[in-house]
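**Student:** just to be clear, the model below is a prediction. Sequence and coordinates:
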Number of protein chains: 2
Amino acid sequence: MQPIKSPASFIGVNGDHVISFGSGQPDLLPPKEIFKNLETPRLFKYGLVQGDEALREALAREYPAAKARDFVVTNGASEALDLVFRAIHEMHGKVKVLVCRPYYYSYPPVIELAGLEPVYTDLKEGKIDLEDFKKKVRGVKAVLINSPSNPTGRVEDLDTLRAVEKLCAKLGVYVISDEVYKDLIYERENYLIKGKHVITINSFSKTYSMCGLRIGYLFARDPKIVETVVGLKIHTSMNTNILGQEMALRAMKVPRSFVERQTEVWRERRDFIHGGLIAMGFDLWKPEGAFYVLPKINPPTGGSGRVVSELFYKHKVIVYDGAWFGVPGRIRLSYALELPKIKEGLARIKSYIKGKETWLK
Amino acid sequence: MQPIKSPASFIGVNGDHVISFGSGQPDLLPPKEIFKNLETPRLFKYGLVQGDEALREALAREYPAAKARDFVVTNGASEALDLVFRAIHEMHGKVKVLVCRPYYYSYPPVIELAGLEPVYTDLKEGKIDLEDFKKKVRGVKAVLINSPSNPTGRVEDLDTLRAVEKLCAKLGVYVISDEVYKDLIYERENYLIKGKHVITINSFSKTYSMCGLRIGYLFARDPKIVETVVGLKIHTSMNTNILGQEMALRAMKVPRSFVERQTEVWRERRDFIHGGLIAMGFDLWKPEGAFYVLPKINPPTGGSGRVVSELFYKHKVIVYDGAWFGVPGRIRLSYALELPKIKEGLARIKSYIKGKETWLK
């Protein structure tokens, strides 16, 4: 069995009989309205590097007192993050960025690739430990927050988010708030972290089930950030694909009930997978947002990576190694797939862990 | 008059009555076949970070003895270049890259952003000066070639390309060959620079008039390059937008006559703008490929930047400053627009330069 070293081995893999709890992509369909009348020459020309004006105006209406000029449309949230860190490097040189651990697997590499240094605060039961955060935030230029979180499925408490917002404003530290799961919270409305020091990262991928189109954006009230990002993007990728931007604009016009109906689907799946794993004896947090669970599993040898390999090669089940998210000893399962597949996947996991109950503690 | 400092001010600008010789985007339409049956769920899911398998297989059939695994599909040639330089930095650290001047304006920034150092060889009458090239290539880890060239419109001689290919192979220097205008040569077939040390950069933007979709690719026979690029791209942008990849695949299936008919259109426009500028007294090279001319213009004060501002603010004509391409004292005009517009633009330029004939020498 070849060890599986990173999510790269799994992304886009859809073999026969494989059940993938791997990459976090909705199996739901995008709104049908986005397909109409695409055959227009405008959609094939270069567009503004900052993003289509109409799309940015529509986005501005979703944020309090925002203007179209505060947004940059990007190739998914990934490119937004990459450009923000490169912009911070341009503006401030080799500074430190505070990252909550467990983290989304791309965070450390994009920070390092930009020439910045990641430092870590360990989450406590999947949530920010304010005492540790307050210590670590001194000496960094930016913090990266992700609530709802991939991979924990946790949503930060309102008091915590307000404390982070206020403290960072006082210290002159950027808050980069990755809110790509903002429309996927089961417990409450999303809390938008606000201020001139805040850079909000978002995407159409999860809300409208259009991951493959790669339409994300950043929102910053500091014009210097926007200007620096656009100045980089003209060289690194030019405009974001225009057809995808047009489809994103159309998606924004569908009634809000589209998103609400989806949340109900996610909630049902969440309850099913959470209940199923608890019944098998797994130790995990109940997701409050997004569509991930992060149960503990600790074989006596080989670590959680061994579990990933064995589940894939022996049971055709894809799960991600917690080590990729900074927490070995856990595995991440995305439940962005149909209930019958979740059911079949859980059955395979059950047969795999039979006799291995001691690994789950 | 606010000075115009970079192409960023112009990209995507299409005001009333403005004649734009600015960004190099075809006004022609993409093949109509690419629009059919887009309403399929597969096109909205994450895909392979390396690029759609079918598209890479189709690309492999266009290159001698190539395999699908030798390609990475990117957000335009821009992202391909950005990722290649970042990959070279990953593999070799802070090395030097030899760039031909005049250069495409993004070359120096993407090289520097990746942490590499650009060094320059000045073209002689718009073509590689082999004597200077041979001197400068010692001490660099990569050279960046662009034939047909943006902004010169020149095509390198076959002997020169073969000499570069051979010398760099001997020295263990990468050749990054940006061939995005390979299907737009008026004089001969394109010459593909070959070898394990070669990274070919290409795009669907110019050949199929689909700039806005941002589908480019790189082709490298060295698996280490491909692997490093894919390892970066998973974090910086994930898969390239799937819908654009599907459309690129369909575009590849249209008969070759589509491309040939386009070349005839470009040739007619080339002859028209070249003849028109010559008749006005401009000193310029006759383009052998791509769709740019780079005439000299040197006002006694203010440089070519003054010409760019005055043409834009007083005559509503967009041209690019040679300084953005490393050659102040020239302006770049793209002739990727309809003949009547070229004609109107030339008339405006003629009225602007009246009495300024001494600036053209």
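**Tutor:** On my side now, so go ahead.
**Student:** how about the helices in the stretch 201-350 of chain A?
**Tutor:** Using DSSP state H, counting those that start in this stretch, the helices of the stretch 201-350 of chain A run over residues A:223-236, A:242-252, A:257-280, A:303-315, A:339-353.
**Student:** what residues does the stretch 51-200 of chain A put near chain B?
**Tutor:** A:75, A:76, A:78, A:79, A:82, A:86, A:105, A:106, A:109, A:110, A:113, A:115 (C-beta under 8 Å from any C-beta of the partner chain). All C-beta atoms are positioned from the backbone trio N, CA, C, and that covers glycine.
**Student:** adding distance to residue B:293, neighbour count and pLDDT, write the residues you listed out as TSV.
**Tutor:** Listed next are these as TSV, based on distance: C-beta to C-beta, whole Å; neighbours: other C-beta atoms under 10 Å in any protein chain shown; pLDDT from 0 to 100:
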residue	distance to residue B:293	neighbour count	pLDDT
A:75	32	31	96
A:76	37	29	96
A:78	38	25	97
A:79	34	27	98
A:82	35	29	98
A:86	34	22	98
A:105	48	21	95
A:106	43	20	96
A:109	43	16	97
A:110	40	24	97
A:113	38	21	96
A:115	38	16	96
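**Student:** from the residues you listed, which land in helices?
**Tutor:** A:76, A:78, A:79, A:82, A:86, A:109, A:110, A:113 (DSSP state H).
**Student:** who does the helix or strand containing residue A:118 touch, helix- and strand-wise?
**Tutor:** Assigned by DSSP states H and E, residue A:118 falls within strand A:117-122. Other helices and strands packing on strand A:117-122, by 3 or more C-beta pairs under 8 Å, 6 or more residues apart in numbering or on different chains; DSSP states H and E, are strand A:96-101, helix A:107-113, helix A:130-136.
**Student:** export those as CSV, with columns for distance to residue A:212.
**Tutor:** Shown next, in CSV, are those (distance: least, C-beta to C-beta, whole Å):
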stretch, distance to residue A:212
strand A:96-101, 27
helix A:107-113, 20
helix A:130-136, 35
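**Student:** for residue B:194, find the nearest of those.
**Tutor:** Evaluated over the helices and strands packed on strand A:117-122, closeness to residue B:194 peaks at helix A:107-113, with 30.3 Å, by C-beta to C-beta.
**Student:** relative to chain B, how far out is residue A:333?
**Tutor:** Going from residue A:333 to chain B by C-beta to the nearest C-beta, to the nearest Å gives 17 Å.
**Student:** skipping its backbone neighbours, what lies nearest that residue in space?
**Tutor:** Counting by C-beta to C-beta, 6 or more residues apart in numbering or on different chains, residue A:21 is the residue found nearest to residue A:333 once chain neighbours are left out, at 3.8 Å.
**Student:** ok, that neighbour to chain B distance?
**Tutor:** From residue A:21 to chain B the distance is 14 Å (C-beta to the nearest C-beta).
**Student:** now do residue A:66
**Tutor:** In terms of C-beta to the nearest C-beta, residue A:66 sits 21 Å off from chain B.
**Student:** now do residue A:167
**Tutor:** Residue A:167 is 28 Å from chain B, by C-beta to the nearest C-beta.
**Student:** which one of the helices and strands packed on strand A:117-122 lies closest to residue B:270?
**Tutor:** Going by C-beta to C-beta, the one of the helices and strands packed on strand A:117-122 nearest residue B:270 is helix A:107-113, 40.9 Å.
**Student:** for the closest one, which helices and strands make contact with it?
**Tutor:** helix A:76-92, strand A:96-101, strand A:117-122, helix B:223-236.
**Student:** of these, flag the one that's most buried.
**Tutor:** Mean neighbour count (mean count of other C-beta atoms under 10 Å in any protein chain shown) peaks for helix A:76-92 among the helices and strands packed on helix A:107-113, with a mean of 24.
**Student:** next, the angle helix B:76-92 makes with it.
**Tutor:** 60 degrees (axes from the mean of the first three to the mean of the last three C-alpha atoms, to 10 degrees).
**Student:** OK, contacts around the closest residue to residue A:238 other than its chain neighbours?
**Tutor:** Of all residues not flanking residue A:238 in the chain, residue B:78 sits nearest, at 5.2 Å (C-beta to C-beta, 6+ apart). Residues near residue B:78 by C-beta atoms under 8 Å, 6 or more residues apart in numbering or on different chains: A:235, A:236, A:237, A:238, B:106, B:110, B:214, B:216.
**Student:** and what of residue A:4?
**Tutor:** Applying C-beta under 8 Å, 6+ apart, the residues near residue A:4 are A:10, A:305, A:308, A:309, A:312, A:321.
**Student:** ok, which pair from those residues is furthest apart?
**Tutor:** A:10 and A:305 (13.3 Å).
**Student:** adding distance to chain B and mean pLDDT, write the helices of the stretch 201-350 of chain A out as CSV.
**Tutor:** Shown next, in CSV, are the helices of the stretch 201-350 of chain A (distance: least, C-beta to the nearest C-beta, whole Å; pLDDT from 0 to 100):
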stretch, distance to chain B, mean pLDDT
helix A:223-236, 4, 97
helix A:242-252, 4, 91
helix A:257-280, 14, 93
helix A:303-315, 17, 96
helix A:339-353, 14, 96
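**Student:** right, so of the helices and strands packed on strand A:117-122, which gets closest to residue B:54?
**Tutor:** helix A:107-113 (28.7 Å).
**Student:** which other residues reach the closest one?
**Tutor:** A:78, A:81-82, A:85, A:97, A:99, A:117-118, A:144, A:326, B:86, B:232, B:235-236.
**Student:** thought residue A:71 was touching residue A:53?
**Tutor:** No: under the criterion of C-beta atoms under 8 Å, residue A:71 is not in contact with residue A:53, lying 10.1 Å apart.
**Student:** more neighbours: the two, which one.
**Tutor:** Neighbour totals were compared for residue A:71 and residue A:53, and residue A:71 leads with 24 against 13 (other C-beta atoms under 10 Å in any protein chain shown).
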